[in-house]
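>>> here's my sequence, what's the structure:
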Amino acid sequence: MATGALIMNASVVPVSELISRAVKAAYDTIRAARDVLVERHSFAELSAYLDRVVPILDQLMATTPAANRDGSSPLAAAAAAAEILAREAEAARALALDCGKRNRVYLLLNCRRIVARLESATREIGRAISLLPLASLDLSSAIRDEAKLLSDSMVGAEFRAAAAEEEILRQVESAIQEHNSDRSYANSLLALIADAVGISKNRTALKKEFEEFKEEVAEAKLQKDLAEAIQMDQIIALLSRADATSSFKEKEVKYYSKRNSLGSQPLEPLQSFYCPITRDVMEDPVETSSGQTFERSAIERWFADGNTTCPLTMTPLNTGFLRPNITLRKSIEEWKERNNIIIISSMKSKLSLDDEVVLRSLAELQELCEEKFSNRECVVMEDYLPILVGLLGRNSSQIRNHTLYILRLLAEDSDDNTNSLLQEKIAEVENAIRSIVKSLARRTDERKAAVALLLELSKNNAICGHIGKVQGCILLVVTITNSDNNQAADDARELLENLSFLDDNVVLMAKANYFQPLLRCLNSGPESLKMKMVKALAEMELTDHSKETLFKEGALQPLLQMLSLSDADGKRMAIKVIQKLSSFGPNGLQIIRDGAISPLLDLLFQAIPASPNLRDQVAATILNITVSAAALQTNEALSILKSDAEISRLFSLVMLTGPTIQQSILGTFLALCQLPSAKDMRTKLRQFSAVQLLISQCEHRDLLVRASAVKLLSCLMEDGDDNVSAESVTQRCLETLLSIVKTSKDEEEVAAALRLISDLPIGYAHVTRWIADAGAITVFVSYIRDAKLIGPIRNKLIENALRVLCRFTMSTNPECQKIAAKSGLIPLLVQLLGSGTPAAKRYAATLLCQFSESSLSLSRLVERHGGFWCFAPPPEIRCPVHNGVCSVETSYCLLEADAIGPLLSLLGESDSSICDAALSALSTLIEGERLQSGSNVLHESNGIAPIIRVLSSRSTELQEKALNVLERIFRLQEYKRIYGALAQMPLVDITQRSSGPVRALAARILAHLDVLHDQSSYF
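Numbers count the residues shown, from 1 in each chain. Down below sits the predicted model:
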């Protein structure tokens, strides 16, 4: 329309109204441009221009009167420009609205037209701005300059489709021109379109988008846009070859329609199909400048050899000209496809014959599947899948391997992820997945083929659930991740990654000790998924290896983070898992090192009404962590409680909580107090009056709390003040401890109670009397009677029982000695000399020593009988040591108890305290008037030489005790003569190396042996 005509038309409408309409259209276009599905950049560029146009129009409207002037006035020119602005802005808005609601594929394929319309609208608006009579109106110079600059920019604006869109259009045009109907090309093109317009490559989504695209094309035909309709029909035909755009049923109908039109025998190739050079059917026929057709690789090789003439006509050739013979290539492809369909359809029956025929047929079928994807589709259409799955049950591993490979070819996913249809058809066959999984447990090659097939199938999310549900599948796959075959191991890991798409599979992997997917869910999943994973972990039975793996791979931090959740169930599950993980010692130790126990203590100190059992779990977890770490017997100080206030606060909960928490807290302190570095902890607890509190807890009704209290109390008393012990343990407390000794089934508790009793000062006669009156001595002995049972706790129990009995076998307490002896204690002690722990041997020797000290006074004189000897009773045997009648139970004689040999054997122990106790017991044989008789017994028992060897001990105390014994023995001339030479060198060594009383005593013995004179300076 001419400018004058526009001015005439515009003069009818008020200028202000036209400008207002243009402003509104500009604003509407800007808003609509935000929601376009394609060409966002181009629409954004137009919006930027319109943003600059609006202020100019606002200024123009503010300076323009409402009334019109004649057609030649400046107002008429302004009205005409405003009319153009309004019209073009409204057209742009309509285009933006259209691009926000139409099918994205349709819009993409029309992107050039859209860009052209945007460019046209932009330039027209720029021209309209240049028509505004700005100089004639009362506008600022800044507005006039901006209008001039904007007009020039818009008139010269150029819009282009995005490079990705142009590439898609180029490929579409190329395929149409070359009649390219290749499936893979269509798949690739459809994938590019999906990426460009932002839609999923999922087959369902692509199919839906394609159907909408066809509806848009049908609508375009109704609008009589013939050129567009023809082009779109060609595009539909091209994209219809893509896998995602057709359902299996549609493909099946097309396939059988085509197959039924074919004959039953393969056709021989036409003569034109052969390459004149190679005499083989051509793959890529190209036409030369002479009009002859050859295989591309053959003619290129002909030229590379220096030939410049046609191989057939010998006419000169333009060696740079080779044109694809598209028609011939299509004919060859159709011939091959026809023959392949016939071959594939006729081969199926052979797969039910003997193994040799089956193997040949599978090899041929494999070759066809490798050759072209359409052949794979034929295999599926011909219903081969049930037959192939059935072959997986054959006995021949070769047949199974071939079958697995063919199935993998059928399932093999292309780069554009469009082969999900064939994957799903495989999975739909009855027992298909189960049969494939069975091959995972067979030989290496078959296992490798099976995992590769499952990997392809797992790329389809819909199949992941079927794979995971097969019993043992995930466990087998996890096992293969550790295979020596790197490819199989890599495939197995990738398969597990694909299967982790489903939460249930993630749980199954964790149960098979493959925790990476589960930990990923714990770290970054939504709260509901974290809850599901932590619940699964809480319900699993974890091995030490699993606990170690979980901890190393970072399970602790997300679990600790869950403690801050408001959900009590989530906290409880997280605590339960931490408790499980901490039962593996190194994990518990690392939790303490990392300071991760602090949040647990914070929870324990909180009152949680909504979940009262949560504190029980927290306390049990802290106990677990401490016990696990302490079990490693490290010398490291475990800083669970960082201050005296924390120690006091935690211990105070014993009085403020229920039995479950009490038991856990007491157990925690017990573990801490048993550490090598725990002396400070024990001291602090005693300072916090823990002893008095624990004594009261020894009478607790809950047996587990009572046991924990007794054990901790025993631990605190070990390095405590004897006076505190005696003052704290009342008769009532002692009765409680004795009741525990008599009735408890917990051997560790009994051992602790015995230790507490043994720690009471021996000088407190009333305590000894209380215990004896309670009939406890025989109970103590009964625990030693079971010495044949072994184990750390059992050993400790026996040691503590022996330690207690030391106060009842002293010669100053004959009544208690008598009770202990009649309980059969002495033979048990002799047994322990050979089979007990080092401490048990020491205590046993000490007890025998105490018994032996009373033997002389208890040995009965031999009675003399008168009358006829024939009527007299048999003569009583006189004890060689005590010169009377002795027995084990009445005089506690070491000789009668057969204790001499075992005691002598202890002199060779490396533990000097054991040697000391044994030597003390043996020395009782030569006390006072028993010197001669006792020395005789020692000599007959070969016991003097072992005593001499004790002189070489590094222990000065032990040397001194041996010297005292030998000094007495060497008073006897006969033994001085027999053993003097043997003792001389050790004695000389002592006089040279030692000092003080030991040296003097050795010198005295050397004087007895006539080695030194009595006036020697050694004295």
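>>> low-confidence ranges in the stretch 701-850 of the chain?
Within the stretch 701-850 of the chain, the stretches with pLDDT under 70 are 720-729, 787-790.
>>> which stretches of it form helices?
Secondary structure of the stretch 701-850 of the chain, counting by DSSP state H, counting those that start in this stretch: helices at 703-717, 722-728, 731-743, 747-759, 765-773, 777-785, 792-805, 814-822, 825-835, 838-852.
>>> give me the angle between the first one and helix 747-759.
In this case it means helix 703-717. Put simply, helix 703-717 runs at 40 degrees to helix 747-759, going by axes from the mean of the first three to the mean of the last three Cα atoms, to 10 degrees.
>>> list phi and psi for residue 309.
For residue 309, the backbone dihedrals are phi -110, psi 160 (criterion: degrees, to the nearest 10).
>>> would you check that it makes contact with residue 317?
Yes. Counting by Cβ atoms under 8 Å, residue 309 sits close enough to residue 317 to count as a contact (6.1 Å). In short, each C-beta sits where N, CA and C put it, glycine included.
>>> returning to that earlier point: right, so of the helices of the stretch 701-850 of the chain, which gets closest to residue 244?
When the helices of the stretch 701-850 of the chain are compared by Cβ to Cβ, helix 703-717 sits nearest residue 244, at 65.9 Å.
>>> quick one: the helices of the stretch 701-850 of the chain as CSV, columns for distance to residue 200 and mean neighbour count too.
What follows is the helices of the stretch 701-850 of the chain, written out as CSV (distance: least, Cβ to Cβ, whole Å; neighbours: other Cβ atoms under 10 Å):
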stretch, distance to residue 200, mean neighbour count
helix 703-717, 59, 25
helix 722-728, 77, 14
helix 731-743, 72, 17
helix 747-759, 64, 24
helix 765-773, 84, 15
helix 777-785, 76, 20
helix 792-805, 64, 22
helix 814-822, 88, 18
helix 825-835, 77, 21
helix 838-852, 75, 25
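>>> let's have these in CSV, adding distance to residue 129.
Supplementary listing: the helices of the stretch 701-850 of the chain in CSV, determined by distance: least, Cβ to Cβ, whole Å:
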stretch, distance to residue 129
helix 703-717, 91
helix 722-728, 103
helix 731-743, 104
helix 747-759, 97
helix 765-773, 114
helix 777-785, 110
helix 792-805, 98
helix 814-822, 121
helix 825-835, 112
helix 838-852, 107
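>>> among those helices, which is nearest residue 211?
With Cβ to Cβ as the criterion, residue 211 lies closest to helix 703-717 of the helices of the stretch 701-850 of the chain, at 70.5 Å.
>>> can you tell me what sits against that closest one?
Outside helix 703-717, the residues within contact range by Cβ atoms under 8 Å, 6 or more residues apart in numbering are 659, 662-663, 666-667, 669-670, 673-674, 682, 685-686, 690-691, 694-695, 697-700, 725, 737, 740, 744, 746, 748-749, 752-753, 755-756, 759.
>>> what's the angle between it and helix 731-743?
In this structure, helix 703-717 runs at an angle of 120 degrees to helix 731-743, with the same axes, to 10 degrees as the basis.
>>> i'd like the first residue to be 898 from this point on
Will do, 898 is the new start, and the previous item becomes helix 1600-1614.
>>> coming back round to it: so for residue 1206 and residue 1214, which residue has more residues nearby?
Counted by other Cβ atoms under 10 Å, residue 1206 and residue 1214 do not tie: residue 1214 has more neighbours, with 21 against 13.
>>> so who does that one touch?
By Cβ under 8 Å, 6+ apart, the neighbours of residue 1214 are 1185-1187, 1205-1207.
>>> swap the cut-off to 10 Å and go again
By Cβ atoms under 10 Å, 6 or more residues apart in numbering, residue 1214 lies in contact with 1185-1187, 1189, 1196, 1199-1200, 1204-1208.
>>> how about those residues in JSON lines, adding pLDDT and distance to residue 1041?
Output for the contacts of residue 1214, formatted as JSON lines (pLDDT from 0 to 100; distance: Cβ to Cβ, whole Å):
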{"residue": "1185", "pLDDT": "93", "distance to residue 1041": "67"}
{"residue": "1186", "pLDDT": "91", "distance to residue 1041": "64"}
{"residue": "1187", "pLDDT": "90", "distance to residue 1041": "70"}
{"residue": "1189", "pLDDT": "93", "distance to residue 1041": "71"}
{"residue": "1196", "pLDDT": "94", "distance to residue 1041": "69"}
{"residue": "1199", "pLDDT": "94", "distance to residue 1041": "72"}
{"residue": "1200", "pLDDT": "93", "distance to residue 1041": "68"}
{"residue": "1204", "pLDDT": "92", "distance to residue 1041": "74"}
{"residue": "1205", "pLDDT": "91", "distance to residue 1041": "70"}
{"residue": "1206", "pLDDT": "92", "distance to residue 1041": "74"}
{"residue": "1207", "pLDDT": "93", "distance to residue 1041": "72"}
{"residue": "1208", "pLDDT": "92", "distance to residue 1041": "76"}
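>>> pull the contacting residues for the closest residue to residue 1293 other than its chain neighbours.
Nearest residue to residue 1293, sequence neighbours excluded (Cβ to Cβ, 6 or more residues apart in numbering): residue 1252, at 5.1 Å. Neighbouring residues of residue 1252 by Cβ under 10 Å, 6+ apart: 1291-1293, 1295-1296.
>>> highest neighbour count among those residues?
residue 1296 (18 neighbours).
>>> ok so that one is a strand residue?
No. Using DSSP: H, G, I helix; E, B strand; the rest coil, the secondary structure at residue 1296 is helix, not a strand.
>>> you'd agree it is up against residue 1288?
Yes. Under the criterion of Cβ atoms under 10 Å, residue 1296 lies in contact with residue 1288, with a separation of 5.6 Å.
>>> any low-confidence regions in the stretch 1748-1897 of the chain?
Scanning the stretch 1748-1897 of the chain residue by residue, the ranges that satisfy pLDDT under 70 are 1759-1772.
>>> which stretches of it form helices?
With DSSP H, counting those that start in this stretch as the criterion, the stretch 1748-1897 of the chain has helices at 1752-1755, 1785-1788, 1797-1803, 1809-1820, 1828-1837, 1841-1846, 1853-1866, 1870-1890, 1893-1905.
>>> among the ones you listed, which is nearest residue 1053?
For residue 1053, the closest of the helices of the stretch 1748-1897 of the chain is helix 1809-1820, at 106.9 Å, according to Cβ to Cβ.
>>> for that closest one, packing partners?
Helices and strands touching helix 1809-1820, by 3 or more Cβ pairs under 10 Å, 6 or more residues apart in numbering; DSSP states H and E, are helix 1722-1732, helix 1735-1749, helix 1797-1803, helix 1828-1837, helix 1841-1846, helix 1853-1866.
>>> so which elements touch the last one?
So that's helix 1853-1866. Helix 1853-1866 sits against helix 1809-1820, helix 1828-1837, helix 1841-1846, helix 1870-1890, helix 1893-1905, with contacts defined as 3+ Cβ pairs under 10 Å, 6+ apart.
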